[in-house]
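> below is the sequence, then the predicted model.
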Amino acid sequence: MQLIQSGKYSMVYFDPEKDHFIKTFHPKPFDKLRYALGIRPHPGHNFARIAARLAALDIASPTIVEARKYRLVTENVHGAPLKQLILESEALQTRYLDILVAYYRHDIHCRGLHTDNFLVRDGQVFAIDLDAYKAPRFFKYAKREFLDCLKRSLKGSEAFLFQRLLARLGLDSDYRPIETRT
């Protein structure tokens, strides 16, 4: 077992024999309380819940081997980071924007929708790190917050993707609907 990433609230390991990634979660006490009260799903369960929502929208994610409250095991996607490929591929740009439009319209929220959190295998785009996603059942996140997070994520050479997203959503740079003139 190889330690791949150590974060403040999680650890990611790779099991080369099984070709699986194992993510263990170590949430702060306040988050544990929110999970216990049912305010938010446990991170491992949330990954599975979001993966099912994405599958219904025809958006790929890693195959889940095991999803427990604080432990998640997924198959290795064997993909390249979208960030490395997107600038040279109109097809990948279009698919990424399709995914973002689906998230926007179906109230799926995440602060980390940058191109490093997507993988590409055989032309197919996979969403990863789904434990951080939110798809509220009782209330919706503000669309402005979703767009503000994306704007901060898509900078530099990828800033044009945010402008293309706004155009696809029919919004101006202040996120107001663009009026069509006849």
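Nice, I can see it.

> so which residues of the chain form strands?
If you assign secondary structure with DSSP state E, the strands in the chain sit at 2-6, 10-15, 20-25, 64-68, 71-75, 80-81, 118-121, 124-127.

> can you check which of those gets nearest to Val101?
When those are ranked by distance to Val101, counting by CB to CB, first place goes to strand 124-127 at 13.2 Å. For every residue, glycine as well, the C-beta is placed using N, CA and C.

> contacting residues around the closest one?
Residues external to strand 124-127 that are found in contact with it (CB atoms under 8 Å, 6 or more residues apart in numbering): 54, 59-62, 77, 79, 82, 92, 95-96, 99, 117-120.

> give me the buried stretch members for it, please.
With burial defined by 16 or more other CB atoms under 10 Å, the residues of strand 124-127 counted as buried are Val125, Phe126, Ala127.

> again with stretch 57-74
Buried, per 16+ other CB under 10 Å, within stretch 57-74: Ile59, Ala60, Ser61, Pro62, Ile64, Ala67, Tyr70, Leu72, Val73, Thr74.

> closest to Phe139 among these?
Within the set of those, Ile59 lies nearest Phe139; the separation is 22.6 Å, counting by CB to CB.

> my guess is the closest one contacts Ile99. True?
Yes: with the criterion set as CB atoms under 8 Å, Ile59 and Ile99 qualify as a contacting pair; they are 5.5 Å apart.

> ok, what's across the strand from the spatially closest residue to Ala60 that is not a sequence neighbour?
Distances taken as CB to CB, 6 or more residues apart in numbering place Phe126 nearest to Ala60, at 4.6 Å, with adjacent residues excluded. According to DSSP bridges, the partner residues bridging Phe126 are Ala60, Leu119.

> and the gap between Leu169 and Ser10?
Leu169 sits 32 Å away from Ser10, taking CB to CB, to the nearest Å as the criterion.

> before we move on, what about Lys69?
Using CB to CB, one obtains 13 Å as the distance from Lys69 to Ser10.

> joint contacts of the two?
With CB under 8 Å, 6+ apart applied, the overlap between the contact sets of Lys69 and Ser10 consists of Phe25, Pro43.

> same for the longest helix seen in the chain, what does it pack against?
Within the chain, and with DSSP state H defining each element, the longest helix by residue count is helix 90-105. Applying 3 or more CB pairs under 8 Å, 6 or more residues apart in numbering; DSSP states H and E, one finds that helix 90-105 makes contact with helix 82-85, strand 118-121, strand 124-127, helix 143-153, helix 159-169.
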